[in-house]
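Engineer: Sequence and predicted structure, then a few things I'm wondering about:
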Amino acid sequence: MKQIIVLGSGCAKCIKTAEVIEKISSELGVDVQITKEASPEVMMNYGVMSTPAVVIDGTLVHSGRIPSRDEITAWIS
C-alpha cells in the first residue's frame, strides 16, 4: 500500500488533488492510504513552497498545481 500525503491549507485545489488521486487509484485497483496535512511545519519539512503538494512514501513528488492523470498514474503504478 502506498502512503500518500496531500499537503495544503485545505483550499479547493488541495481537496481536488486528494479526490483525483483517490479516484484514479480506485479505478486502477491500487491500494493507497491518502492523508491530508495542513501543518505549515510539515510542509516546511518537505521544502514545499506552493500547494497543493503530494508526498508518496515519504518523498515529495509534486507541488504547485493539481497533478495530471498521467502523473498520478505514473506515481501509483
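Structural biologist: Yes, it's here.

Engineer: Across the sheet, point out what pairs with the nearest residue to residue 42 once chain neighbours are set aside.
Structural biologist: Excluding its sequence neighbours, the residue lying closest to residue 42 (C-beta to C-beta, 6 or more residues apart in numbering) is residue 7, at 6.7 Å. C-beta: built from backbone N, CA, C; applies to glycine. The partner list for residue 7 in beta bridges (DSSP bridges) reads residue 37, residue 53.

Engineer: What of residue 2?
Structural biologist: residue 32.

Engineer: please renumber so the chain begins at 201
Structural biologist: Noted, 201 is the first residue going forward, which turns the last one into residue 202.

Engineer: for it, what are its contacts?
Structural biologist: Listed by C-beta atoms under 8 Å, 6 or more residues apart in numbering, the contact set of residue 202 reads 225, 230, 231, 232, 233, 256, 257, 275, 276.

Engineer: Pull the residues that contact the longest helix seen in the chain.
Structural biologist: The helix that spans the most residues within the chain, counting by DSSP state H, is helix 212-228. Applying C-beta under 8 Å, 6+ apart, the external contacts of helix 212-228 come out as 202, 204, 206-208, 231-232, 234, 236, 251-252, 254, 265-267, 269, 272-273, 276-277.
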